[in-house]
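Chemist: Here's my sequence, what's the structure:
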Amino acid sequence: MDYPQEHIKPYGKEGTKSEQVEEMFDNIAPAYDRLNHTLSMGLDRSWRRKAIDVLRPFRPRRIMDVATGTGDFAILACRELQPDALVGIDISEGMMNVGREKVSKAHLSDKISFAREDCLSLSFADASFDAVTVAFGIRNFDGLDKGLSEICRVLKAGGHLVILELSTPERFPMKQLFSIYSVAVIPLLGKCISKDNSAYTYLPQSIRAFPQGEVMQEVILRAGFGKVHFKRLTFGVCTLYVAEK
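Modeler: Numbers count the residues shown, from 1 in each chain. Below you'll find the model as predicted:
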């Protein structure tokens, strides 16, 4: 299917969305962690923990973290779940270079590796992973259906996909408050901290356009997953999706 967020690009110029997303994250990589924690008021940490708690009973031995960025989710998942191996993939070498430094300082280089991968055409064999995670990156997929299908392909039967994504609250007063925050505050803070105005104008636009809740649940089911459920976190500012192959 054709989804609105696939047509929203950070810089509004010629070139594919994935090319522009790669350029954007390379640009903001040094400031990304500070921005992430600031813009979410630190809530991103608790959201990651909730996602990892979902996987804990299944004890996944081999995990792929898609759109791994600077590796925050990968490091926490490795510490909490103790897998045999965790592969973080991304299209931005700038972001992964920050992640590699953090992994080295955490003494986890023997467990966590990074690879530049296109999520629409993964190089891994079928049924390679027990679990796949995507934290705040699925909005940036150039093709949502293809990306989810590829994730389903590389998951083992009975394996789990866990997605965290920012979403738009649906109820008063959070809906109105989030609208003001996303339009007025996010672009201003993003510009001040990252010096890239376009990146944090793109963020709220892509959040508003991205399918969420029951709609996203159906999208995941169509990609080949058998069971999908979701939970809205922090009054709907973030949504946690869990799917089983």
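
Chemist: And the next helix or strand past the helix or strand that contains V162?
Modeler: When secondary structure is defined using DSSP states H and E, the element that contains V162 is strand 155-166. Moving toward the C-terminus from strand 155-166, the first helix or strand encountered (DSSP H and E) is helix 174-180.

Chemist: mind listing what's buried in the helix or strand following that next one?
Modeler: Moving toward the C-terminus from helix 174-180, the first helix or strand encountered (DSSP H and E) is helix 186-194. For helix 186-194, a neighbour-count test (16 or more other C-beta atoms under 10 Å) marks I186, P187, G190, I193, S194 as buried. C-beta: built from backbone N, CA, C; applies to glycine.

Chemist: What is the least confident helix or strand in this structure?
Modeler: Per-element confidence for the chain was summarised using mean pLDDT, DSSP states H and E. The lowest value among helices and strands belongs to helix 186-194, with a mean of 78.

Chemist: which residues are contacting that helix?
Modeler: Counting by C-beta atoms under 8 Å, 6 or more residues apart in numbering, helix 186-194 makes contact with 27-28, 31-32, 34-35, 38-39, 196-197, 199-201, 203-204, all of which sit outside it.

Chemist: Can you select the buried ones among those residues for me in ChimeraX?
Modeler: To isolate in ChimeraX the members of the contacts of helix 186-194 that are buried, counting by 16+ other C-beta under 10 Å, one can use:
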select :27,28,31,32,35,38,39,196,199,200,201,203,204
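
Chemist: Next step: the contacts of helix 186-194 restricted to helices.
Modeler: Using DSSP state H to define helices, the subset of the contacts of helix 186-194 located there is 27-28, 31-32, 34-35, 38-39, 199-201, 203-204.

Chemist: Dump those to TSV, plus distance to T16.
Modeler: Shown next, in TSV, are the ones in helices among the contacts of helix 186-194 (distance: C-beta to C-beta, whole Å):
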residue	distance to T16
N27	17
I28	19
A31	24
Y32	21
R34	28
L35	24
T38	29
L39	26
A199	17
Y200	21
T201	19
L203	19
P204	21
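
Chemist: Which of those residues scores worst on pLDDT?
Modeler: The lowest pLDDT within the ones in helices among the contacts of helix 186-194 belongs to A199, which sits at 75.

Chemist: which residues touch it?
Modeler: Contact partners of A199, counting by C-beta under 8 Å, 6+ apart, are P10, M24, N27, I28, G190.
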